[in-house]
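Visitor: predicted coordinates and the sequence they were generated for:
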Amino acid sequence: MWPSSYFRWLTKSVPAGPVEIYPELSDSYETNLPNVFIIGDLTGVPLLKLAAESGVNVWKHIREKKTDCLDAVIIGSGPAGLSCAYEASRLGKKYVLLEANLPFQTLQSYPKQKPIFAEPKNIETRSKIKILDTTKEELLESLNELIKKEPIEIQTGKRVSSIRYNGFVYTVSTETGDSFLTNSVVIAIGKSGDPKRLGVKGESNPSVFYRLFDPYDAKDKSIVIVGGGDSAVEAAIACSHYAKEVNLVHRGKEFQRPKEENVISLEKKVQEGKIKLLLETEVTEISEQNVFVKTQQSSVKLKSDLVYVLIGTTPPISFLKKIGIKIQNEKSILDWVGFSALFSFAGLAYFGKASFYGPGWFSPLATAFLSVSVLSLFLFGYLKWNQGIGTLRPWVLIRNTYLLLAFSYFLFVYLGATYFGYTIFSKYPSFHYTLLYSLTILVFGIRRIMVRKTDYIFYQTLSLIFIQIFFLFLLPELVLPALGDLGYLGNPDGYIRTEIFPNDAYWKAYGFILAWPLSMGVLYDGGITNFWLGYGLFFSFGFIPFLVYRYGKGAYCGWICSCGGLAETLGDEHRQKMPHGKWAYRLEHSGQYILFAAFLLTALKLIGVYGKLIDPSLEISESIADSVKWIYDIVVDIGLAGVVGVGFYFLFSGRIWCRMFCPLASLMHIYAKFSRFRIFSEKKRCISCNICTKNCHQGIDVMGYASRGIPMDSVQCVRCSACVSLCPTDVLEFGQLTSSGVFYDTLQAKLRK
C-alpha cells in the first residue's frame, strides 16, 4: 500500500540498532548512590586507555568527609582500578583495592597474542598505567613490572557481596567475611559478565565455548566461530594459523563493529582461503560434530570439532541492582510518581492557559490536573524522604528548586485568574506560561553552556535563548503592544495594523518564527491577509526548504524552534532516555498523519476563504474545516505538543514531540530527503562504543552509520551535536555532500572540547 512505500522511501531502511544497557551515571562518574562511582568499561567506553584515565579523573569528584574510615574502597584491579589506586597513593588517601579473582583477570582471559589498541591516539594520559599499541602478553608484562617497581597492595579473592549506607559512611562486605568502612566506593569491575547465548539447541555441548583461551587448541581441527565483533574476528584470524578450516558465521550483511585493522586482516585471510566467511547466516542447531546454519538461500551443515560463540557479554547488571545502583532507563516507583507530577502539571499549564478562550470544560479539567500534580508532588517528597535524600548535588538542588518555584508561580497565577478574579500585571495565564517557558530556556541554557563546553553548543544555545526571549516573548507580548499604544505602528488603517497585525492582533508575531503547520494560525485563518498568506507560504515552502537543503532539518529544529529550545536546555540531561525499540521507530510515522490532517484542514479553509469570493457555495469547505479544527487543536496543539511534549521530559526525552508527532518536523523530513547535510564518520576510528546512539534524543542509531562509514542521512537529525562532541575517538563530523564529493564546513566543525 502507498503509506508503506512512502515510509520506506522516507526512512530508507535506516539502521535501527538497540542501545546497550549500563548503570546511570552523572558526568562525574557518580551513581544514584552518593559518593559511589563507576569507572572503566562500565561507563560505556570500551577503551583501556580511557579506562585507566578515568581512575585518575574520578578523584576530582570524590567528596572528602572528616571521618576515621577509609577514603575509598576500590573494587576491581583492572587498568581502571589499578590507576585509581595509584592516584589515591599519590594524593595520600586511605584506601583498599579489592579483587574477586586475580589481578588483571579480564586481561588474563584474553586470547593469546590478542592485539591491544591504544585509542584514542591523540590523548595524553596522566595515569601510571600506560596503554600502547601492543599485545595481551606485553601489556600484562608491563603491568606486572609496574607493580614490582611501585608496589601496591591488592587484596585478591575478595568478592564484594554487599554495599550498605548508614547515612554517613558505607560498609563494604565481602564473601570471605571482611568488612570495610569507607567514605566512598569506586567500582571498576568491567562489563564482562555472563556471555550472551544463541538460544539454540545444543549450545551447551562440551565442544561449545564462549571464550577463546589459546588459538593453538584449534590445531588441525574444524572450527566454527559465531559473532560479528572484534572478539569473533580476532579469534578467527588467530585460529586460522593452526586450524584445518575456520568458518566465521555472522548474521549481518557486513561487519559494523570490528576495528578497521581487524577487518583488513580478515579480508586477507578470506582471500587466502584460510577463513570461510558466511554473512547473513544464523545458527539453528549445534550437534557434537556439526553446526547447522541457515543462509539466505538454504540450510547448510558445517563440520565442527570446536565451536566458539563470541557474541558478547552482558554487563554485571544483577550485582549493580543488588547494591541499589540505578540502571539506565529503568523506572522505579519514584520515577513514575515524578512523571505523574510533571505530566499533570503540563496538563494544568496547557489546558489552564487555554481555558480563557477555549470551551468551558477546559477549566475544570485543568483544575483536576492541578490536584493530581499537587498530590504527586507530596507523594514524591514523602517517598524521597523515606528513601533518604543523601548528599544533595548543587545543580540538582538548583534545578529542583527552580522547577518547584515555577510550578508554584503558575499555580498562583492560574488559581487567581480562574477562581479569585485577580491577575498579575493584568495578564492572563498564557502570558505567564510564556514568561516561564522563556525563563526556563534561559536558566537551563546557561547550564548547558557551562556543562557542554564547545563553540557549537555555545552559539546554538545563545541563538535558542535569544529567539525565544525576544521573538517569542518580548516582541508579541510586550514590545508590539507598547509600540502600538504609543502610535509607532502607524494609523489603524495603515499597512502594519491592517495586513500584519489586523485589529491589533499582535499575537500573530509568533508566526514570524513558528512556521505552518507547527503554528496552524499562520495560514489557517478566516481573515487571513495577503501579507500572512505570502509570508506563510514563503516561510514554510520556500525559506525552510532552502535551509534544510543546505544545513539539514536541525538548522530550524536545533537553532530556531521554541520546542527545540526547551528540548535542548531543559531536556539536555535526559537525552539518553529516548526509546530505541521497534515500537518507537514505528511511532515516528505518527507525525506524517498529523501533517496530512493539517494540510487537509488548511487547504479546505483557504478554499473556503478565497473560493467563496468566486462561488459562494464553496463556503461549505470552510465550514467543514472549522467543524473539525477544534478536535485537531485539542489533540495535537494541546494534547501532544503541550501535555505529552512537556510531560514526558523526565520519563523519556525532551524530543518526544519533535521526533514522533510534530507536523512541521514531518514536513521537513520530506525536505531532508533532498538535503546536502550529512554527519560523516571515519570508520577506522569507530570503536562501536554506542555512546553516539545512546545520547541521540531523536532515537537515531548513529553508531549503525558510523561503524560502517556511511554518511548519516537520517531525516530525524536535529543537529544537536551530542553525537559529534561526545564521541571519545572523534569519529563524527558535520558536513555537506556536493556533486564532486564531500566538503566539511569549517564553521560547523567547531564542536570539540
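Guide: Great, that's in hand. Treat the numbers as computed from the prediction; the structure is a model and nothing was measured.
Visitor: Gly521 against Lys508, yeah?
Guide: Yes - at 7.4 Å, Gly521 and Lys508 qualify as touching, with contact defined as CB atoms under 8 Å. For glycine as for every other residue, the C-beta is placed from the backbone atoms N, C-alpha and C.
Visitor: who has more neighbours out of these two?
Guide: More neighbours surround Lys508 than the other of Gly521 and Lys508, with 22 against 18 (other CB atoms under 10 Å).
Visitor: for that one, which non-adjacent residue is closest in space?
Guide: In space, and not counting its chain neighbours, Lys508 is closest to Phe501: 5.9 Å by CB to CB, 6 or more residues apart in numbering.
Visitor: who are the contact partners of that neighbour?
Guide: Leu480, Gly484, Leu489, Lys508, Ala509 (CB atoms under 8 Å, 6 or more residues apart in numbering).
Visitor: which of those fall in helices?
Guide: Among the contacts of Phe501, the subset assigned to helices under DSSP state H consists of Leu480, Gly484.
Visitor: looking at the contacts of Phe501, which is nearest Phe410?
Guide: Ala509 (22.9 Å; CB to CB).
Visitor: my guess is the closest one contacts Leu480. True?
Guide: Yes - judged on CB under 8 Å, Ala509 makes contact with Leu480 at a distance of 5.9 Å.
Visitor: I'd say Val19 and Cys696 touch.
Guide: No - contact criterion CB under 8 Å: Val19 and Cys696 do not qualify, at 9.3 Å.
Visitor: residues near Thr135, how many?
Guide: Number of residues near Thr135 (other CB under 10 Å) recorded here: 14.
Visitor: which helix runs longest in the protein?
Guide: helix 362-387.
Visitor: buried stuff in it?
Guide: Using 16 or more other CB atoms under 10 Å as the test for burial, helix 362-387 gives 362-363, 365-367, 369-370, 372-374, 376-377, 379-380.
Visitor: who are the packing partners of that helix?
Guide: On a contact count with 3 or more CB pairs under 8 Å, 6 or more residues apart in numbering; DSSP states H and E, helix 362-387 meets helix 333-354, helix 394-415.
Visitor: can you give the distance from that helix to the centre of its chain?
Guide: Offset of helix 362-387 from its chain centre (CA atoms, centre = their mean, to the nearest Å): 28 Å.
Visitor: relative to helix 394-415, how tilted is it?
Guide: Angle of helix 362-387 versus helix 394-415, following axes from the mean of the first three to the mean of the last three CA atoms, to 10 degrees, is 150 degrees.
Visitor: let me see the mean pLDDT of helix 362-387.
Guide: Average pLDDT, helix 362-387: 91.
Visitor: same deal with stretch 221-241?
Guide: 91.
Visitor: and Ile286, what does it touch?
Guide: Counting by CB under 8 Å, 6+ apart, Ile286 has contacts Val200, Lys201, Gly202, Glu203, Asn205, Ser207, Val208, Phe292, Ser304, Val307.
Visitor: helices - which of those land there?
Guide: Assignment to helices by DSSP H places none of the contacts of Ile286 there.
Visitor: of those, closest to Val226?
Guide: Out of the contacts of Ile286, the member with the shortest distance to Val226 (by CB to CB) is Val307, at 7.2 Å.
Visitor: any weak-confidence spans in the stretch 351-500 of the chain?
Guide: 388-392 (pLDDT under 70).
Visitor: next, count neighbours for Thr440.
Guide: For Thr440, the count of nearby residues is 18 (other CB under 10 Å).
Visitor: not counting its neighbours along the chain, what's nearest it?
Guide: The nearest residue in space to Thr440 (CB to CB, 6+ apart) is Leu570, at 5.6 Å.
Visitor: mind checking the backbone torsions on the one you found?
Guide: When quoted as degrees, to the nearest 10, the phi and psi of Leu570 stand at phi -60, psi -40.
Visitor: does it touch Phe648 like I think?
Guide: No - counting by CB under 8 Å, Leu570 sits too far from Phe648 to count as a contact (12.0 Å).
Visitor: contact partners for the residue lying closest to His250 once chain neighbours are set aside?
Guide: Excluding its sequence neighbours, the residue lying closest to His250 (CB to CB, 6+ apart) is Gly228, at 4.1 Å. Going by CB under 8 Å, 6+ apart, Gly228 touches His250, Arg251, Gly252, Phe255, Gln256, Arg257, Pro258, Ile311.
Visitor: farthest-apart pair in these, please.
Guide: Across the contacts of Gly228, the longest distance by CB to CB is 14.4 Å; it joins Arg251 and Pro258.
Visitor: between the two, tell me which one has more neighbours.
Guide: Counted by other CB under 10 Å, Arg251 and Pro258 do not tie: Pro258 has more neighbours, with 23 against 16.
Visitor: just for this structure, where's the confidence low?
Guide: For the chain, applying pLDDT under 70 flags the ranges 1-2, 13, 192-194, 388-392, 739-753.
Visitor: kindly state the domain boundaries assigned to it.
Guide: Segmentation of the chain into domains, based on automatic domain parsing, reads 36-187, 208-309, 580-671, 675-743.
Visitor: show me the one of these that comes nearest Arg8.
Guide: Closest to Arg8 of these, according to CB to CB: domain 580-671, at 10.8 Å.
Visitor: compute the first-to-last residue distance for the closest one.
Guide: Using CA to CA, to the nearest Å, the end-to-end distance of domain 580-671 comes to 24 Å.
Visitor: swap in stretch 644-657?
Guide: Start-to-end span of stretch 644-657 (CA to CA) is 7 Å.
Visitor: let the chain start at 8 from now.
Guide: Sure, I'll start numbering at 8, so the last one becomes stretch 651-664.
Visitor: buried stuff in stretch 203-210?
Guide: Applying a neighbour-count criterion of 16+ other CB under 10 Å, one finds Leu205, Gly209, Glu210 buried in stretch 203-210.
Visitor: er, stretch 331-350 I mean
Guide: Applying 16+ other CB under 10 Å to stretch 331-350 flags Ile332, Lys333, Asn336, Asp342, Val344, Gly345, Phe346, Ser347, Ala348, Leu349, Phe350 as buried.
Visitor: and if you look at stretch 213-233?
Guide: Buried residues in stretch 213-233, counted by 16+ other CB under 10 Å: 214-217, 219, 222, 224-225, 228-233.
Visitor: list of residues touching it?
Guide: 116, 118-120, 202, 204-205, 209, 238-239, 242-243, 245-246, 248-257, 290, 293, 295, 298, 309-318.
Visitor: I am finished for the moment; much appreciated.
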